[in-house]
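A.B. asks: With the input below, show me the fold.
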Amino acid sequence: MNNKKITYLYKKAMARRKTEIIEDIEGMPVDEQQEEKLMNVLPVKNTVLFPGVVTPIMLNRSSSLKLVKAAHKSHERVIVLTQKDSQVTEPGAKDLYSLGVVAEVMQIITLPNDEQSKVAVLEGNERVEVFDFEEEDGKLRAHVRVLDETLPDKNDAQFAAIYDDIHSLSMRLLELNDVPRVDIQNTLRNVNHAPTFINFVCSLFDNFTQDQKLKLLAYDVMTERATALLTLLQKAVEIQDMKADIRRRTHEAMDKQQREYFLREEIETIKQDLGDTGADIIKSLRDRGAKKKWSKEIAELFEKELHRLEQMNVHAPDYTTEQNYIETLLELPWGIYSDDNFDLKHAQQVLDRDHYGLDKVKERIIEHLAVQRQLGLRSEKEKKAHPVKSPILCLFGPPGVGKTSLGKSVAEALGRKYVRVSLGGLHDESEIRGHRRTYIGAMPGRIVDGIKKCGTSNPVFVLDEVDKIGSDYKGDPTAALLEVLDPEQNNAFHDNYLDVDYDLSHVLFIATANSLDTIPRPLLDRMELIEMTGYLQEEKEEIAKRHLLPKELINHGLKPSQLKLKKEIIAHIIDDYTRESGVRNLERQIAKICRKIDTKLALDETYNVTVTQEDLRQYLGQARYTRDTWETNKYVGVVTGLAWTQVGGEILFIETSLSTAKSPTLTLTGNLGDVMKESATLALEYTRAHAEQFGIDPTMFDKKSVHIHVPEGAIPKDGPSAGITMTTAIVSAFTGRLVKPRIAMTGEMTLRGKVLPIGGVKEKLLAAKRAGITDIILCEENRKDVAEIPDMYLKGLNFHYVHDISEVINYALQ
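C.D. replies: As a prediction, this is how the structure comes out:
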């Protein structure tokens with residue numbers, strides 16, 4: 001009989017009776033079996049050995065002890081077979097199951113309290129099926145065949161999920177069984193080989209019967225064995241859970257009232273012995289309240305709540321709740337304020353030290369400090385008649401430009417405490433207003449809690465990510481913020497937990513946001529908006545030099561003499577490896593360079609202290625980004641424009657071509673938005689209407705199709721500032737006149753040909769300068785914007801201010 005027949009009969013028998021001896025195979029002639037082995041048999045009681053599992057076996061029979069000693073001495077393996085009936089003292093072939101495991105005798109141990117008792121430590125190897133038994137000299141031997149076992153694929157997601165469930169359920173079952181042995185728990189945690197772990201769990205628990213363990217051993221496919229084990233574990237855990245629940249309920253119901261009575265008596269006795277009674281708690285709270293500088297209204301409320309606490313039994317459920325409320329009243333800084341530092345020069349130094357640029361924000365802070373200083377010179381009567389109201393600032397802009405960290409610098413500059421609360425993802429109104437004390441676990445809102453923690457009533461309070469607040473059935477937190485951020489109302493902010501008004505008018509609130517689109521209009525109306533645009537290239541260079549590099553040198557344990565980055569190298573990092581509004585990625589790139597230097601120092605390798613461009617490529621890899629530069633002006637219809645993005649300015653090429661057509665059309669490509677498409681249509685119509693003025697034959701518009709393309713079509717582009725650029729490109733294409741070299745332009749155009757001003761002037765000019773542009777055409781009304789830009793950024797640029805598109809054409813085209 002061949003192997004296929006044996007396998008077929010074996011699987012058929014396993015499906016019918018996993019735990020019984022496979023009679024179909026057992027009855028086969030020995031000469032028809034392949035890979036047959038003759039091995040000594042070690043019978044065991046109430047134990048099923050599994051492959052890969054180390055199991056201790058008590059050697060109660062002299063024959064078993066003799067067999068194990070001989071096998072251990074000769075390094076031979078034995079077959080471990082489980083008895084069908086554990087009461088049989090000298091089992092024969094008919095008393096053993098035919099499914100077993102080949103085992104290696106690892107050690108024989110003598111028990112410390114009983115020298116006659118021996119324990120054999122066996123390690124299971126492969127599974128085997130017995131075909132026949134034979135006895136010789138009192139020894140039982142068996143003809144066996146090794147059973148194949150199908151292991152799961154490493155990428156088998158189903159097996160991985162089953163394995164994870166088995167791991168967690170086995171740990172849970174250990175806890176429910178009250179197994180104190182740390183070694184077993186550690187073994188479960190440390191076994192990383194999934195099949196070995198599954199076999200170990202199969203043999204571990206007494207919650208499984210002997211028949212169930214034999215069923216598990218009979219599975220040829222590891223995934224099937226794991227699935228069956230998972231089912232057994234789930235049932236065992238459910239049974240143990242029910243038993244534990246029954247014990248718990250029985251224990252709780254037994255003499256509950258009597259136990260509580262004795263416990264109360266014991267607590268009272270202990271407190272009397274220690275002198276710790278409710279009266280001492282009341283006295284301590286009253287003494288603390290006498291030192292507070294609160295209003296008459298709050299003092300009356302405190303005494304009322306304290307009297308209520310005094311009337312309560314210390315064991316009453318509400319006693320702790322009432323005591324926590326009084327503790328909150330005492331911990332709040334009623335009438336406690338930090339002294340503002342009115343040294344404007346010091347404030348300016350702190351702001352300049354921590355942040356480069358951000359002139360508008362710094363100017364507003366200095367103005368606030370100057371106003372506070374002037375208000376402090378008033379008489380007490382004037383102060384009471386016209387109390388101080390702190391401004392509500394909202395810093396908005398792209399990520400990484402320093403909105404949150406600026407609040408900390410402002411607090412230091414003013415000499416105030418600093419509090420920060422992140423509102424991102426907040427969707428419960430109670431987080432702002434607090435919970436009413438009728439709820440279990442009630443607590444004050446984040447505003448009052450922040451004031452309590454900082455210990456003063458006039459901190460710098462940063463409300464971070466105010467644009468990411470949500471709302472649901474629990475209320476709208478932005479509606480609660482209307483009271484917090486309204487200078488006319490926040491002098492009497494009502495927290496639901498306190499149930500009294502608290503003065504927030506002295507708090508300097510600074511909200512931060514990435515976008516104003518998601519902030520409700522009423523909330524925006526209550527805040528003073530200050531836009532923080534992305535940093536310019538030159539500003540990033542200074543930030544890296546002054547702040548980021550020194551910070552990362554400290555974070556990586558380097559000295560300034562061990563790493564130096566020149567200005568041009570920093571510029572290359574910004575240009576080639578980052579594309580952002582802020583400086584977070586720039587900081588990550590500098591940190592990466594520091595890690596490379598640390599590695600070279602650890603390996604004792606030589607390196608350049610002053611990083612070169614070649615070192616930069618070695619440390620950071622190939623450049624990830626490239627910036628456009630001015631190209632030759634040998635093509636007609638190609639004009640250089642300027643664009644603003646969140647990560648800075650960019651130059652933009654407008655390309656125009658003409659083609660002969662019976663029905664001329666205007667084709668626009670380059671992923672243009674609606675506004676740019678309208679600008680292109682307007683430019684073509686204006687050129688057609690003024691064709692003779694520009695020296696163009698009017699009949700050409702009836703013969704030529706116009707195609708306008710803006711490169712980098714994967715990037716969406718929109719905005720009105722390309723109006724004069726598109727018109728110039730169309731006129732250049734129709735007249736055949738080239739554009740003058742190294743010239744760029746930006747501006748919106750009307751149908752009358754009037755040039756209108758645009759925004760983002762500073763970013764656009766710096767982009768033009770980096771690209772090698774020398775001449776820039778702008779609207780006359782943008783002259784004031786250029787005047788606000790420091791001269792250091794304008795060096796090498798010539799400006800030409802225009803009112804009409806004809807001036808642009810006359811200057812730009814050769």
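A.B. asks: Please look at Ala771 and Gly649 and confirm they touch.
C.D. replies: No. If you go by C-beta atoms under 8 Å, Ala771 and Gly649 don't touch, sitting 9.4 Å apart. From N, CA and C alone the C-beta is placed, and that goes for glycine too.
A.B. asks: between these two, who's got more neighbours?
C.D. replies: Relative neighbour count places Gly649 above the other of Ala771 and Gly649, with 25 against 19, counting by other C-beta atoms under 10 Å.
A.B. asks: is it fair to say that one lies in a strand?
C.D. replies: Yes. Checked against DSSP: H, G, I helix; E, B strand; the rest coil, Gly649 lies within a strand.
A.B. asks: Three-state assignment for the closest residue to it other than its chain neighbours, please.
C.D. replies: What sits nearest to Gly649 in space, not counting adjacent residues and going by C-beta to C-beta, 6 or more residues apart in numbering, is Ala767, at 3.1 Å. The three-state label given to Ala767 by three-state DSSP is helix.
A.B. asks: How far off centre is whichever strand or helix holds Arg364?
C.D. replies: Arg364 is located in helix 359-375, with elements delineated by DSSP states H and E. Centroid displacement of helix 359-375 relative to its chain, using C-alpha atoms, centre = their mean, to the nearest Å, is 37 Å.
A.B. asks: Please apply the same query to stretch 698-709.
C.D. replies: Chain-centre distance of stretch 698-709: 54 Å, with C-alpha atoms, centre = their mean.
A.B. asks: distance between the ends of that stretch?
C.D. replies: Terminal residues of stretch 698-709 are spaced 23 Å apart (C-alpha to C-alpha, to the nearest Å).
A.B. asks: So the closest residue in space to Gln158 that isn't next to it in sequence, which state does it fall into?
C.D. replies: In space, Gln158 comes closest to Thr223 once its chain neighbours are excluded; the distance is 7.1 Å by C-beta to C-beta, 6+ apart. Put simply, Thr223 is helix when judged by three-state DSSP.
A.B. asks: what number of residues lie near Thr223?
C.D. replies: Applying other C-beta under 10 Å, we find 18 residues neighbouring Thr223.
A.B. asks: Ok, Glu367 next?
C.D. replies: Glu367: 12 neighbours (other C-beta under 10 Å).
A.B. asks: for Asn608, same thing?
C.D. replies: For Asn608, the count of nearby residues is 13 (other C-beta under 10 Å).
A.B. asks: is it true that it touches Tyr619?
C.D. replies: No. In this structure Asn608 lies outside contact range of Tyr619 using C-beta under 8 Å: 10.6 Å.
A.B. asks: Under the pLDDT cut-off, which ranges of this protein? List them.
C.D. replies: 1-35, 179-183, 253-261, 264-265, 267-278, 534, 627-633, 646-648, 713-714 (pLDDT under 70).
A.B. asks: Which strand runs longest in it?
C.D. replies: strand 114-136 (DSSP state E).
A.B. asks: what's in contact with the following helix or strand past it?
C.D. replies: Next in sequence after strand 114-136, counting helices and strands by DSSP H and E, comes strand 139-146. Here strand 139-146 makes contact (C-beta atoms under 8 Å, 6 or more residues apart in numbering) with 6, 25, 30, 33-41, 43, 63, 67, 79, 81, 92-93, 100, 102, 126-135.
A.B. asks: Next up, the contacts around Thr626.
C.D. replies: Thr626 makes contact with Asp576 under the criterion C-beta under 8 Å, 6+ apart.
A.B. asks: which SS class is it?
C.D. replies: With three-state DSSP as the basis, Thr626 sits in coil.
A.B. asks: Same question for Thr55.
C.D. replies: Taking three-state DSSP, the label given to Thr55 is strand.
A.B. asks: before we move on, the earlier item: just checking: what are the partner strands of the longest strand of the chain?
C.D. replies: Here strand 114-136 is paired, per DSSP bridges, with strand 54-58 (antiparallel), strand 99-111 (antiparallel), strand 139-146 (antiparallel).
A.B. asks: Tell me how far it lies from the chain's centre.
C.D. replies: Averaging C-alpha positions (C-alpha atoms, centre = their mean) puts strand 114-136 54 Å from its chain's average.
A.B. asks: So which bits of it are buried?
C.D. replies: 118, 120-125, 127-133 (16 or more other C-beta atoms under 10 Å).
A.B. asks: wait, doesn't Val130 sit right on Lys94?
C.D. replies: No. Taking contacts as C-beta under 8 Å, Val130 lies outside contact range of Lys94: 11.6 Å.
A.B. asks: separation between the residue nearest to Gln158 and Asp791?
C.D. replies: For Thr223, the distance to Asp791 equals 75 Å [C-beta to C-beta, to the nearest Å].
A.B. asks: How about Ala479?
C.D. replies: 48 Å.
A.B. asks: out of these two, which sits in the more crowded spot?
C.D. replies: Between Ala479 and Asp791, counted using other C-beta under 10 Å, the more crowded position is Ala479 (15 against 6).
A.B. asks: Tell me which helix or strand that one sits in.
C.D. replies: Taking DSSP H and E as the definition, one finds Ala479 inside helix 477-484.
A.B. asks: Helix or strand next in line after that helix, which one?
C.D. replies: Following helix 477-484 in sequence order, the next helix or strand is strand 493-494 (DSSP H and E).
A.B. asks: That next one: partners in the sheet, and parallel or antiparallel?
C.D. replies: Next to strand 493-494 in the sheet, as set by DSSP bridges, lie strand 501-502 (antiparallel).
A.B. asks: hmm, who's touching the partner strand?
C.D. replies: In this structure, residues lying in contact with strand 501-502 by C-beta under 8 Å, 6+ apart are Leu332, Val448, Ile451, Ala492, Phe493, His494, Asp495.
A.B. asks: repeat that for 10 Å
C.D. replies: With contact meaning C-beta atoms under 10 Å, 6 or more residues apart in numbering, strand 501-502 is reached by 295, 297-298, 332, 334, 444, 447-448, 451, 457, 490-495.
A.B. asks: how far out from the middle of the chain is that strand?
C.D. replies: Centroid separation for strand 501-502 versus its chain: 36 Å, with C-alpha atoms, centre = their mean.
A.B. asks: what about the nearest residue to Ser515 once chain neighbours are set aside, how many neighbours?
C.D. replies: Once flanking residues are discounted, Ser515 sits nearest to Asp467: 5.4 Å by C-beta to C-beta, 6+ apart. By other C-beta under 10 Å, 19 other residues sit near Asp467.
A.B. asks: For Asp467, give me its contacts.
C.D. replies: Each residue near Asp467 by C-beta under 10 Å, 6+ apart is listed here: 394, 396, 423-424, 478, 511-519, 523.
A.B. asks: what do you get if the cut-off is 7 Å, keeping everything else the same?
C.D. replies: Contacts for Asp467 were tallied using C-beta atoms under 7 Å, 6 or more residues apart in numbering; they are Ala513, Asn514, Ser515, Thr518, Ile519.
A.B. asks: Ser409 now?
C.D. replies: Ser409 neighbours (C-beta under 7 Å, 6+ apart): Val350, Leu351, Asp354, His355.
A.B. asks: For it, which non-adjacent residue is spatially closest?
C.D. replies: Distance criterion C-beta to C-beta, 6+ apart; nearest residue to Ser409, sequence neighbours excluded, is Asp354 at 4.1 Å.
A.B. asks: Quick check on that neighbour: phi, psi?
C.D. replies: Torsion angles at Asp354 (phi, psi; degrees, to the nearest 10) stand at phi -90, psi -20.
A.B. asks: ok, now how distant is Arg288 from Lys235?
C.D. replies: Taking C-beta to C-beta, one finds Arg288 at 58 Å from Lys235.
A.B. asks: One more: Ala768?
C.D. replies: According to C-beta to C-beta, Ala768 stands 75 Å off from Lys235.
A.B. asks: For the two, indicate the residue with more neighbours.
C.D. replies: Ala768 (26 against 13).
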